[in-house]
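**Q** sequence plus predicted model, see below.
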Amino acid sequence: MRTRAAVLCAAAVMAGSVTAPPASAAVRVPSVAWKKCGTTDYPTLQCGTLQVPLDHRDPGGRKITLALSRVPHTASAYQGPLLVNPGGPGGSGTSLAGFVASTLPKEVASRYDVIGFDPRGVGESSPAIDCAPGYFDPVRPDSVPATPELERANLERVRSFAAACGRKYASVLPYLDTVSAAEDMDSVRQALGAARISYFGYSYGTYLGAVYAKLHPDRIHRLVLDSVVDPTGVWYDDNLGQDYAFDDRHRALMAWIAKYDSTYKLGSDPARVESEWYAMRAALAEKPAGGKVGASELEDTFIPGGYYNGYWPYLAEAFSAYVHGRKTAALVEAYDNFGAVDAAGDNGYSVYAAVQCRDAGWPRDWAQWRKDNWAAYEKAPFMVWNNAWYNAACASWPTSALKPPSIANDRLPPALLFQATDDAATPYQGGVTTHRLLAGSSLVVEEGGGNHGITLSGNTCLDDHLAAYLADGTVPRGDGTADAVCPRTPDPRPLSTRAASTSSRGSILHGLLGFRG
């Protein structure tokens with residue numbers, strides 16, 4: 001949902017209820033001219049573009065361009081397009097199509113045209129926005145505003161970002177929102193000549209899919225939502241909820257390190273390991289590792305561990321090396337691999353901020369942010385202020401806010417939801433709430449699982465449910481909150497006890513999903 005002021009006169013605010021543009025306004029959508037763009041991993045991948053209205057209520061007005069990808073179906077039992085989205089908002093989905101098509105059972109994937117897309121503003125779509133290149137360059141001010149000077153420095157930083165977005169993209173920002181992105185998906189459907197689409201979304205992509213389903217319930221064939229956003233909390237409350245869940249997940253990492261004290265030698269008591277981590281943070285606030293990993297960058301480096309436990313051995317080794325002799329090379333490498341933000345990340349963050357700040361109302365009074373985040377910090381200090389500054393541009397964002405739609409829906413075919421009980425980025429309640437709001441849906445739970453994005457990551461139980469559903473619409477039915485329960489994917493082991501691997505399904509998927517997304 002997250003692996004971050006000149007006044008802008010916004011366009012007219014859309015009505016609070018969600019409706020599709022009137023049929024009388026519809027214009028013919030051209031088909032997509034596909035060309036080969038295969039890679040070694042995904043040799044049958046094709047690429048194309050599609051022009052869509054910047055404002056779907058003015059279909060004859062300014063156009064923007066979406067970048068698309070496709071792995072074509074090969075089976076005679078064709079079930080239409082399957083659109084896939086990795087989340088964000090701000091995540092690029094063009095590579096995800098190849099991964100999904102190659103990871104699903106061949107007999108299932110072959111029945112679909114698997115379609116990836118870069119949502120408006122993202123990646124190869126045009127215009128792609130980047131409000132402040134290098135915004136996350138190290139070393140940033142300490143995220144915890146323990147002094148008035150630190151609070152002022154962080155506030156100036158986020159306000160300058162919001163102002164830069166307003167200056168550079170005044171004509172675009174009012175149309176960077178989830179409803180507009182959902183209408184883009186319907187333009188893709190029309191361009192593909194399909195009466196209905198199937199959809200498979202992770203993280204924020206679950207909210208995007210649910211909004212599309214609300215707009216166009218009669219155009220859904222299959223709907224898969226993995227790691228489900230709580231639609232009743234978009235977006236301020238959801239982000240505060242993340243803070244507690246990420247603190248729990250960080251403590252799970254500390255407990256895992258304590259379990260392997262013979263390897264990392266940081267203590268066998270999780271509380272002692274956690275104390276060592278905060279001592280490391282304090283030391284890095286004074287003297288950043290390699291001149292670029294300060295306190296905020298350390299948080300950036302460890303937050304991905306809350307998304308995917310496959311990173312734990314690398315984080316633990318870097319942590320141990322620093323504590324034992326102040327060796328910084330592994331920590332800098334971990335930051336470069338997991339925490340550093342490149343140009344694509346700058347673009348992704350700019351879209352993230354634009355969509356979340358436009359989608360829903362945020363407090364404009366900084367005193368409210370200060371009160372809420374200090375209260376959360378007292379109970380869950382790991383990520384609170386890092387997350388607050390990541391979202392704080394919304395306090396001075398240069399567009400007005402829309403009213404989030406209700407995604408409640410009783411007009412859909414059965415949808416299939418997947419949720420891990422200990423997911424930090426989209427806590428468990430989001431799956432339960434969406435299950436309740438989507439009549440006839442089924443919820444598959446990974447009991448005790450803490451990863452974010454749980455299908456196609458190597459859990460056979462989860463993947464069997466996914467494959468059965470995409471094959472013929474089969475969903476499990478149970479008597480309780482969950483319709484099916486799967487055992488969790490085992491935690492990793494230290495690198496010293498196994499061959500290091502960065503090519504597992506889970507690692508590849510989480511590289512595509514990114515962080516804070």
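**A** Alright, I've got the coordinates.
**Q** can I assume V108 is in contact with Y469?
**A** No: under the criterion of C-beta atoms under 8 Å, V108 lies out of contact with Y469, with a separation of 9.3 Å. Every C-beta, even on glycine, is put in place using the N, C-alpha and C of the backbone.
**Q** can you pick out the residue with more neighbours from those two?
**A** Set side by side, V108 and Y469 show more neighbours around Y469, with 23 against 19, by other C-beta atoms under 10 Å.
**Q** distance of that one from S442?
**A** Plainly put, Y469 is 8 Å away from S442 if you go by C-beta to C-beta, to the nearest Å.
**Q** touching both of the two, which residues are there?
**A** When C-beta atoms under 8 Å, 6 or more residues apart in numbering defines a contact, the residues bordering Y469 and S442 alike are 416, 475.
**Q** below-threshold pLDDT in this structure: ranges please.
**A** Residues of the chain meeting the criterion pLDDT under 70: 1-27, 498-503, 517.
**Q** could you pull out the strands for it?
**A** For the chain, the strands defined by DSSP state E cover 35-36, 46-53, 63-71, 81-85, 113-118, 197-202, 220-226, 416-420, 442-447, 484-487.
**Q** and of the ones you listed, who's closest to H435?
**A** strand 442-447 (4.2 Å; C-beta to C-beta).
**Q** list the helices and strands that closest one packs on?
**A** strand 416-420, helix 428-437, helix 460-472, strand 484-487 (3 or more C-beta pairs under 8 Å, 6 or more residues apart in numbering; DSSP states H and E).
**Q** just confirm P72 contacts D113, I think it does.
**A** Yes: at 5.5 Å, P72 and D113 qualify as touching, with contact defined as C-beta under 8 Å.
**Q** name the residue in the two with the higher neighbour count.
**A** Between P72 and D113, D113 has the larger neighbour count (other C-beta under 10 Å), namely 23 against 15.
**Q** quick one: contacts for the spatially closest residue to that one that is not a sequence neighbour?
**A** Distances taken as C-beta to C-beta, 6 or more residues apart in numbering place P81 nearest to D113, at 4.7 Å, with adjacent residues excluded. Going by C-beta under 8 Å, 6+ apart, P81 touches 112-115, 188-189, 192, 194, 197-198.
**Q** list the contacts of the nearest residue to A388 once chain neighbours are set aside.
**A** Counting by C-beta to C-beta, 6+ apart, A388 lies nearest to N373, which is 4.5 Å off, once chain neighbours are set aside. N373 is in contact with 240, 243, 384-385, 388, counting by C-beta under 8 Å, 6+ apart.
**Q** which of these count as buried?
**A** With neighbours counted by 16 or more other C-beta atoms under 10 Å, the contacts of N373 contain buried members at 240, 243, 384-385, 388.
**Q** any idea how far V144 is from the residue nearest to D365 when sequence neighbours are not counted?
**A** Leaving aside its sequence neighbours, D365 sits nearest to A395 (C-beta to C-beta, 6+ apart; 7.9 Å). In this view, A395 and V144 are 18 Å apart by C-beta to C-beta.
**Q** and if you look at Y244?
**A** Counting by C-beta to C-beta, the gap from Y244 to V144 is 17 Å.
**Q** do L402 as well
**A** 32 Å.
**Q** what do you get for P490?
**A** For P490 relative to V144 (C-beta to C-beta), the value is 34 Å.
**Q** more neighbours: these two, which one.
**A** Legend: neighbour count by other C-beta under 10 Å for P490 and V144, higher for V144 (23 against 9).
**Q** just give the nearest non-adjacent residue to that one, would you?
**A** Nearest residue to V144, sequence neighbours excluded (C-beta to C-beta, 6+ apart): W385, at 4.9 Å.
**Q** CA atoms of stretch 396-403 as PDB?
**A** The C-alpha trace of stretch 396-403 is given here as PDB (Å, rounded to 0.1, in the frame of the first residue of the first chain):
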ATOM      1  CA  SER A 396      -0.600  20.600   2.100                       C
ATOM      2  CA  TRP A 397      -1.400  18.800  -1.200                       C
ATOM      3  CA  PRO A 398      -2.400  21.300  -4.000                       C
ATOM      4  CA  THR A 399      -5.700  19.500  -5.100                       C
ATOM      5  CA  SER A 400      -8.900  19.100  -3.200                       C
ATOM      6  CA  ALA A 401      -9.900  15.600  -2.000                       C
ATOM      7  CA  LEU A 402     -12.500  13.300  -3.500                       C
ATOM      8  CA  LYS A 403     -14.900  11.200  -1.400                       C
END
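**Q** residues of it that come out buried?
**A** 396-399, 401-402.
**Q** how far does it sit from the chain's center?
**A** How far stretch 396-403 lies from its chain's middle: 21 Å, per C-alpha atoms, centre = their mean, to the nearest Å.
**Q** how near is the residue nearest to D365 to Y204?
**A** On the measure of C-beta to C-beta, A395 and Y204 end up 20 Å apart.
**Q** those two: who's more crowded?
**A** Counted by other C-beta under 10 Å, A395 and Y204 do not tie: Y204 has more neighbours, with 32 against 21.
**Q** my read is that that one contacts G91, right?
**A** Yes: Y204 lies in contact with G91 (C-beta under 8 Å); the separation is 7.4 Å.
**Q** can you give me the angle the lengthiest helix in the chain makes with helix 428-437?
**A** Ranked by residue count and defined by DSSP state H, the top helix of the chain is helix 236-259. With axes from the mean of the first three to the mean of the last three C-alpha atoms, to 10 degrees as the basis, helix 236-259 and helix 428-437 are set at 130 degrees to each other.
**Q** how about helix 236-259: buried residues?
**A** For helix 236-259, burial by neighbour count (16+ other C-beta under 10 Å) applies to 236, 238-247, 249-254, 256-259.
**Q** would you confirm that S441 contacts A415?
**A** Yes: the pair S441 / A415 is scored as a contact, 4.2 Å apart, by C-beta under 8 Å.
**Q** more neighbours: which of those two?
**A** A direct count of neighbours by other C-beta under 10 Å for S441 and A415 places A415 higher, at 25 against 21.
**Q** distance of that one from N451?
**A** When A415 is compared with N451 (using C-beta to C-beta), they lie 21 Å apart.
**Q** please apply the same query to D118.
**A** Applying C-beta to C-beta, the value for D118 to N451 is 25 Å.
**Q** at which residues are the helices of the stretch 251-400 of the chain located?
**A** Secondary structure of the stretch 251-400 of the chain by DSSP state H, counting those that start in this stretch: the helices cover 261-264, 270-286, 295-307, 312-323, 329-334, 343-359, 366-379, 384-391.
**Q** same question for the stretch 1-150 of the chain.
**A** Using DSSP H, counting those that start in this stretch, helices in the stretch 1-150 of the chain cover 94-103, 106-109, 148-168.
**Q** so which of those helices is the most surrounded?
**A** helix 94-103 (a mean of 23; mean count of other C-beta atoms under 10 Å).
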